[in-house]
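Here is my input; please provide its structure:
(chains A, B and C)
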Amino acid sequence: MCLGIPGKVIELYKTNGMQMARIDFGGVIKEACMEYLPDVKVGDYTIIHVGFGLSILDEKEALETMDLLKQIDALGSEEGTAV
Amino acid sequence: MKYVEEYRDADLTGKLLSDLRRAVTQPWTLMEVCGGQTHSIIKSGLDEMLPQEITLIHGPGCPVCVTPLELVDKAIALAMRPEVIFTSYGDMLRVPGSERDLFAVRAAGGDVRIVYSPLDALKIAKDNPKKIVVFFAIGFETTAPANAMAVVQAKAQNIQNFAVLVSHVTVPAAIRALMESPDVRVDGFLAAGHVCTVMGYWEYEPLAAQYRIPIVVTGFEPVDLLHGILMCVQELEAGRQEVRNAYARSVTREGNRPAQAVIQRVFEICDRAWRGIGVIPQSGYRLRPEFALYDAEQRFPDVQAIETRESPLCISGLVLQGIKKPVECKAFGKECTPERPLGATMVSSEGACAAYYRYGRLAAKGKS
Amino acid sequence: MSTQKLNLLGWTCPVPLQNYPTIVMGHGAGGKMMADLIQHLFAAAFDNDLLAQMGDATAFDLPAGQVAFTTDSFVVSPLFFPGGDIGELAVNGTVNDLAMRAARPLVLSAGFILEEGLPMETLGRIANSMAAACKKVMVKIATGDTKVVQKGHGDGIYINTSGIGVIPKGVNVAPDRARPGDALLVSGSIGDHGIAILSVREGLTFQTEIQSDTAPLNGLVDAMLVVTKDIHCMRDATRGGLAAVLNELASASRVGIEFDEKKVPIRVEVNAACEMLGLDPFYVANEGKLVAVVPAEHAEAMVAAMRAHPLGQDAAIIGQVVAEHPGLVTSRTSIGGKRVVDLPTGELLPRIC
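This next block holds a predicted model:
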């Protein structure tokens, strides 16, 4: 259901009227369709599933969550510093 | 790889496990819906590292596993036709039909090809005008936008020698069916992160309210899984039953609107049979009438499934609902192995049985 | 890969080879056409005194001592891939099988099954590739065979190579010699070859710098024997990858094997490709890597000696042999968990899920 992996958009172009991109998966480059990510820009990280981009990864959100996970005190969660 | 390695960090995992141990005060049973999550949990050994109070049961989130036998038999029948090039995602090739699998059809001379993307199948159709390319469009909502786009493009580019054999299933109806079943006892759900990337998570709010269970949208890497489990346990310990998001870097409440629009344009909701479970109402997609030309079942009405036969030993259905664990099956590891699978949960690398066999044989001795 | 052009001059056949841009059935029929092919393509490329005997069998003296004998067939598709071709594989693969018993390669045989329609130019390139690979290792192709099958009955070309080598005195490397306490070493990064092949396979194309790691390992093995003659086991990790080899060793020696996933060298791009395709790098094929089992006291010196050799620069100690769970291979995962690393089942399928 779910093999979606993160990849970086390095080029955007159109083929047959469809918005396509070249995606860099850590050194391996493959084409993917960006029709579902109309706001995507070169440099964005996206989740790619069976050759289609499904989301643009929110870096700010990711960093905030990471910080929270590294700090979380489970006992503190009662008071609302929930994960 | 960015956005991957940091979510497999051993130190952070260790820390989250301690947080979990402190948060838990009583036993809780959680179900992870998605086969990809099951695979990741067992491959990383996470299931054996959780506190004793947490039991994870594995849900039916494996589209390969739940594709009905009748449809697999139809796929095989289509693949054997000389005018057909049958294309599919790799996982489906080993799924046993009543008599054989798609691999065997290929060995017997059928033109069966693995594709990475549905657009590849479309290209094969363009390159082979004298053949009909049939694409096995399976999946949950995650894969529906991709499968839908192939149909949209086929119509737009007037590619007539292309048809899809649809086997789409949806998660919310499955959760409802599981909660309605008297045999299933689940305290909370870990919802599938990439299904929700497409569909958002607003559909789960009525379910959480009606069945009074927390549902947490969860990713796939060990850190993401622990984050989701921790969030779910916090809800349970606090007596709350909210829908929460532990995969916010990819998932928003409303989901991917353009993708949902194309799904709605191409598909309509229908009842679907889930292999091993039965018909779940309003749990699948079928092509809308205006795309009938691209519906393989309508293009080939004479392709009848041969009399379908499930192995009497196989308890896939019970495993998919989390009622039994793979190790509780009498045939597990004996008559049924990945080399000679009796059911889809042993064939698909996302299936719980395959995951247990592959990675977890030792788990049978310790905590199961 | 060699770019030496075929010498199409000076043939005496009434229907000269240069009139045949592709292989036809006659080239396997045992008559003048076949003789021409052998003389002007194969013998010209392989060029050595043993092959020049041109008998039904080649006669030569064997040095004294224990001899190793192996055979392997090569059916890779596509024939040419990043980092190599089927010819190079055919030579290196058999040289490596000999090297895994610590045998110095002496002679090879080469049997070809050619598909009608195979371009002569392609066959010439492959033969030259084999010749270059042999020269590197100083091994001779002493005898060969050619058959032609009808179009549609072969992937262009299949090659079988057999090899004879000589094992030095006092050395006994065998699959059943692993003992609890032994150290487990690997000579370098895994998964390169399989990913290089997949990157050019129909339907899965992706761009990458990854090349096949095909290489002859006998030089590396010689360097390892200098550290100690008491190497217990060696296997080259070809089809089925690292996982297949570890399982075979555990089974043959009736021991358990445990390794740390984080210690196994894997190139970043190979990892990325495996993620993308949903493959497990431990199951992906290699063509120039070996796994060695050595007594623990020699492990550090051994890995240092390997790293000093060009083909062992990324060598690492990845685990140990244990008495527990005989026949089973387990690993410590990246998060510190434990899992069984089973034998691969059937063909490696890219996942969607």
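
and the nearest residue to A:L37 once chain neighbours are set aside, helix, strand or coil?
Ranked by C-beta to C-beta, 6 or more residues apart in numbering or on different chains and with sequence neighbours excluded, the top spatial neighbour of A:L37 is A:G53, at 4.6 Å. The way it works is simple: take the backbone N, C-alpha and C, and place the C-beta from them, glycine included. Here A:G53 is recorded as strand under DSSP: H, G, I helix; E, B strand; the rest coil.

isn't A:G53 right next to A:R22, touching?
No: look at A:G53 against A:R22 with C-beta atoms under 8 Å: they stay out of range, at 11.7 Å.

Phi and psi next, for the spatially closest residue to C:P175 that is not a sequence neighbour.
Of all residues not flanking C:P175 in the chain, C:A252 sits nearest, at 3.9 Å (C-beta to C-beta, 6+ apart). Reported as degrees, to the nearest 10, the phi and psi values for C:A252 are phi -70, psi -40.

Kindly report the same for B:D111.
With angles defined as degrees, to the nearest 10, B:D111 sits at phi -90, psi 90.

what's the burial count for it?
By the criterion of other C-beta atoms under 10 Å in any protein chain shown, B:D111 has 19 neighbours.

Skipping its backbone neighbours, what lies nearest it in space?
Nearest non-adjacent residue to B:D111, counting by C-beta to C-beta, 6+ apart: B:I85, 4.6 Å away.

B:R240 now?
B:P214 (6.6 Å).

Starting from B:L190, give me the distance back to the one you found.
Distance from B:P214 to B:L190, counting by C-beta to C-beta, to the nearest Å: 10 Å.

higher neighbour count, the two?
Taking neighbours as other C-beta under 10 Å, B:P214 and B:L190 compare with B:L190 leading, 29 against 25.

What is the host helix or strand of B:R265 packed up against?
Assigned by DSSP states H and E, B:R265 falls within helix B:257-266. Under the contact criterion of 3 or more C-beta pairs under 8 Å, 6 or more residues apart in numbering or on different chains; DSSP states H and E, helix B:257-266 touches helix B:144-156, helix B:193-199.

again, 6 Å this time
helix B:144-156 (3 or more C-beta pairs under 6 Å, 6 or more residues apart in numbering or on different chains; DSSP states H and E).

still on that earlier bit, got a list of what the residue nearest to A:L37 touches?
The neighbours of A:G53, taking C-beta atoms under 6 Å, 6 or more residues apart in numbering or on different chains as the test, are A:A32, A:M34, A:L37, A:T46.

Spatially nearest residue to the closest residue to chain A within chain B (excluding sequence neighbours)?
Nearest residue of chain B to chain A, counting by C-beta to the nearest C-beta: B:S117, 2.7 Å away. Distance criterion C-beta to C-beta, 6+ apart; nearest residue to B:S117, sequence neighbours excluded, is A:G51 at 2.7 Å.

With B:P281 instead?
Using C-beta to C-beta, 6+ apart, the closest residue to B:P281 is B:D271 (5.0 Å).

For the one you found, give me the backbone phi and psi.
As for B:D271, its main-chain torsions (degrees, to the nearest 10) stand at phi -70, psi 150.

What's the local residue count around it?
So B:D271, with other C-beta under 10 Å, has 12 neighbours.

The residue nearest to B:R240 contacts B:C232, correct?
Yes: in this structure, B:P214 is within contact of B:C232 by C-beta atoms under 6 Å, at 5.4 Å.

name the element the residue nearest to C:A57 when sequence neighbours are not counted belongs to?
In space, and not counting its chain neighbours, C:A57 is closest to C:T143: 6.7 Å by C-beta to C-beta, 6+ apart. Assigning secondary structure by DSSP H and E places C:T143 in strand C:140-149.

C-alpha coordinates for the next helix or strand after that strand, PDB please?
For strand C:140-149, the succeeding helix or strand toward the C-terminus, using DSSP H and E, is strand C:157-167. Extracted as PDB, the C-alpha positions of strand C:157-167 are listed here (Å, rounded to 0.1, in the frame of the first residue of the first chain):
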ATOM      1  CA  ILE C 157      24.500 -15.700 -26.000                       C
ATOM      2  CA  TYR C 158      25.000 -18.100 -23.100                       C
ATOM      3  CA  ILE C 159      28.500 -18.900 -21.900                       C
ATOM      4  CA  ASN C 160      29.700 -21.800 -19.700                       C
ATOM      5  CA  THR C 161      33.200 -21.700 -18.300                       C
ATOM      6  CA  SER C 162      34.900 -24.400 -16.300                       C
ATOM      7  CA  GLY C 163      38.200 -23.900 -14.500                       C
ATOM      8  CA  ILE C 164      41.100 -25.900 -13.000                       C
ATOM      9  CA  GLY C 165      43.300 -24.400 -10.300                       C
ATOM     10  CA  VAL C 166      45.900 -25.500  -7.900                       C
ATOM     11  CA  ILE C 167      45.600 -25.200  -4.100                       C
END
